[in-house]
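Visitor: Take a look and give me a structure for this.
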Amino acid sequence: ERWADEVFAAVALGDEREGADTLTDRLDKAFTHPVLGVLIFAGVMTGLFYVLFKIATYPMDLIDGVFSRLSDGARSVMPEGVLADLLAGGVIGGVGATVIFLPQICLLFFLISLLEDTGYLARAAFVMDRVLRPFGLSGHSFVPLLSSHACALPGIMSARAVPDRRDRLATILVAPFMTCSARIPVYVLLTSILFHDRPVLGAVAFTGCYALGIGAALVSSMIARRTIIRGKSRPMALELPGYKVPSITTAFLATLDRGVVFLKKAGTNILAISIVLWWLSSYPLVAPPPEATALREQAAAIATSEPVSAEAMSTEADRLEASHATARSFAGRLGRVIEPALRPLGFDWQLSIGVVTSFAAREVFVSTMSVIVTGSDDTEDAGVMERLTLAKRADGSPLFTPAVCWSLLVYYVLAMQCIPTLAVTARESGSVRWALLQLAWMCSVAYVAAMLVYQVLRALGRA
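Guide: Residues are numbered from 1 along each chain as shown. Predicted structure coming up:
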């Protein structure tokens, strides 16, 4: 008993007895504070995304230039025809539109790995236990939910460590609301259009997407725990690791692993979908519209006397011809069938195709739009981002208006668009019914929320 008292005094009462107030104690008081800790966490995430926007721009521009030169080189060395169009437009263009976001994804994982290695994320889990408790979850769910920001698959599988069955099931159901890496290309595209040359606002909007997903997960968990998964959560026990200087090597290896996974998807799934979409958007071949033919004739007649006007007419003729061909292609016909269901969200037939193909992989949306959108001016010289920004609808109006961009952002934050995630949910929950419930709930919430955002902004004159 005397020995036990000595051990207890040395371990449990050491700091109080010696009057020590270490830097670790002071940091923990700040990082685990009920209010200050949450504010610090929000500030850290906002700063992380700001750095993401500022630094990743340079390698993204480099990748954009490389794929543009590859596309031009393929057309220059190959004879004109279907094969050249397939290679330059379908393969290089489609994959390049997705690979351009690789720097954003790698930098995000690198920074998160550094944060985790410092010991800070464990403090964030302690703080989040207070936040999660009213919503029917515990701090044990923090690690699976945080892992889901990389990919929902490991996040759902890591929910096996949650001791309470009800907590575990609720965690599995709401984990896909967390913003995974597949959503990042869509966020980057839309926030770049909304806040061009305003990286601070772009970073805030980016953080807002993460916050919206987290909020939707918490509300959904609260509803589930009060209806179909009733029961009280278990208390949480957590050991806080010591603070240390993060390992650059560890962060680099984690980033390399995620980057390779992303490139494999770009080289397999995205490549296959890009080729299919290219074929759907290029065939059947149709004759140019009379308006385009008339403009070309006028341009040829004044080419010598008024070269500037002739070039403008030719450019307009190209736009009309491309829009006419795409609208009458197989992709255009498919999009028009889907369009009525998504029109309340502000989506035309082009965006409808992008949304539907995203159910195979969310990141395919960017390459899908790059392949099927052909109504913008100067498509051969502009970069991927510029081509998508300048895209037009069939009536010549902008495709990505502010209201449409916000509607798309909300939809992609909330929608379930990952077939493998549904399969893992069915396996980990023990029933296909939970996966079907997850699909129906998330897609319904996404549809209603995106529709409300679009209709409100449209009523305010921002459509």
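
Visitor: Run through the helices of the stretch 1-150 of the chain in chain order.
Guide: 2-11, 14-18, 23-31, 36-77, 82-85, 93-99, 102-118, 120-132, 142-147 (DSSP state H, counting those that start in this stretch).

Visitor: Out of these, which is closest to Val404?
Guide: helix 93-99 (18.7 Å; C-beta to C-beta). Using the backbone N, CA and C atoms, a C-beta is placed for each residue, glycine as well.

Visitor: average pLDDT across that closest one?
Guide: Mean per-residue pLDDT for helix 93-99: 67.

Visitor: quick one on the thing from earlier: between the helices of the stretch 1-150 of the chain, which has the poorest mean confidence score?
Guide: When I compare those, helix 14-18 is least confident, with a mean of 50.

Visitor: Phe347 and Val413, how far apart?
Guide: 16 Å (C-beta to C-beta, to the nearest Å).

Visitor: still on that earlier bit, out of the helices of the stretch 1-150 of the chain, deepest packed?
Guide: Among the helices of the stretch 1-150 of the chain, the stretch with the highest mean neighbour count (mean count of other C-beta atoms under 10 Å) is helix 93-99, at a mean of 25.

Visitor: follow-up on the earlier one: the helices of the stretch 1-150 of the chain: which one's closest to Ile302?
Guide: helix 36-77 (28.5 Å).

Visitor: Now do the closest one against helix 102-118, angle only.
Guide: Helix 36-77 runs at 150 degrees relative to helix 102-118, counting by axes from the mean of the first three to the mean of the last three C-alpha atoms, to 10 degrees.

Visitor: other SSEs contacting helix 36-77?
Guide: Using 3 or more C-beta pairs under 8 Å, 6 or more residues apart in numbering; DSSP states H and E, the elements in contact with helix 36-77 are helix 23-31, helix 93-99, helix 102-118, helix 120-132, helix 199-225, helix 384-389.

Visitor: To Val188, which of the helices of the stretch 1-150 of the chain lies closest?
Guide: Taking the helices of the stretch 1-150 of the chain one by one with C-beta to C-beta, helix 102-118 is closest: 5.6 Å.

Visitor: How about residues contacting the closest one?
Guide: The set of residues external to helix 102-118 that reach it, using C-beta atoms under 8 Å, 6 or more residues apart in numbering, is 44, 48, 51-52, 55-56, 59-60, 63, 121, 149-150, 181, 184-185, 188, 243-248, 250-252, 254-255, 258-259, 262-263.

Visitor: Of all residues in the protein, which one is nearest the centre?
Guide: Arg183 (1.5 Å; C-alpha atoms, centre = their mean).

Visitor: Determine the three-state secondary structure at it.
Guide: Under DSSP: H, G, I helix; E, B strand; the rest coil, the three-state class of Arg183 is helix.

Visitor: Wait, it touches Ser358, no?
Guide: No. Between Arg183 and Ser358 there is no contact under C-beta atoms under 8 Å: 9.6 Å.

Visitor: Need the overlap of contacts for the two.
Guide: Tyr412.

Visitor: for the protein, where's the lowest mean pLDDT among helices and strands?
Guide: helix 14-18 (a mean of 50; mean pLDDT, DSSP states H and E).

Visitor: okay, now Pro199: neighbour count?
Guide: 19 (other C-beta atoms under 10 Å).

Visitor: now Leu408
Guide: Count around Leu408 with other C-beta under 10 Å applied: 26.

Visitor: circling back: Throw the helices and strands packed on helix 36-77 into JSON lines and include distance to Leu39, thanks.
Guide: Listed next are those as JSON lines, based on distance: least, C-beta to C-beta, whole Å:
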{"stretch": "helix 23-31", "distance to Leu39": "10"}
{"stretch": "helix 93-99", "distance to Leu39": "35"}
{"stretch": "helix 102-118", "distance to Leu39": "16"}
{"stretch": "helix 120-132", "distance to Leu39": "10"}
{"stretch": "helix 199-225", "distance to Leu39": "13"}
{"stretch": "helix 384-389", "distance to Leu39": "33"}
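
Visitor: Out of those helices, which is closest to Glu363?
Guide: helix 93-99 (5.7 Å).

Visitor: hang on, Met416 in a helix?
Guide: No. Met416: not assigned to a helix; according to three-state DSSP it is coil.

Visitor: how near is it to Tyr120?
Guide: In terms of C-beta to C-beta, Met416 sits 31 Å off from Tyr120.

Visitor: any idea of the pLDDT on Cys405?
Guide: Here, the pLDDT recorded for Cys405 equals 90.

Visitor: same thing with the one 3 residues further on?
Guide: pLDDT, Leu408: 93.

Visitor: Would it be right to say that it lies in a helix?
Guide: Yes. Under three-state DSSP, Leu408 sits within a helix.

Visitor: Next, the contact list for the closest residue in space to it that isn't next to it in sequence, please.
Guide: In this structure, Leu408 finds its nearest non-sequential neighbour in Leu190, 5.7 Å apart by C-beta to C-beta, 6 or more residues apart in numbering. Counting by C-beta under 8 Å, 6+ apart, Leu190 makes contact with Phe400, Cys405, Leu408, Leu409.

Visitor: Give me the below-cutoff pLDDT ranges for the stretch 151-300 of the chain.
Guide: For the stretch 151-300 of the chain, applying pLDDT under 70 flags the ranges 233-234, 262, 265-271, 273-274, 277.

Visitor: where along it do the strands fall?
Guide: Along the stretch 151-300 of the chain, no segments are classed as strands by DSSP state E, counting those that start in this stretch.

Visitor: So Trp434 is in contact with Thr425, correct?
Guide: Yes. Trp434 is in contact with Thr425 according to C-beta under 8 Å; the separation is 6.0 Å.

Visitor: And those two? Which one has more around it.
Guide: Thr425 (27 against 19).

Visitor: Just give the closest residue to that one, not the sequence neighbours.
Guide: Thr425 sits nearest to Ala435 (C-beta to C-beta, 6+ apart), 4.3 Å away.

Visitor: Could you tell me how many residues sit around the one you found?
Guide: 21.

Visitor: Equivalent analysis for the one 3 residues further on, please.
Guide: Other residues lying near Gln438 total 23 when counted by other C-beta under 10 Å.

Visitor: Show me which residues of the strand or helix carrying it are buried.
Guide: Using DSSP states H and E, Gln438 falls within helix 432-459. Within helix 432-459, the residues scored as buried using 16 or more other C-beta atoms under 10 Å are 434-435, 437-439, 441-443, 445-447, 449-451, 453-455, 457-458.

Visitor: what packs against it?
Guide: Short answer (3+ C-beta pairs under 8 Å, 6+ apart): helix 432-459 packs on helix 165-174, helix 199-225, helix 402-414, helix 419-429.

Visitor: try 6 Å
Guide: helix 402-414, helix 419-429 (3 or more C-beta pairs under 6 Å, 6 or more residues apart in numbering; DSSP states H and E).
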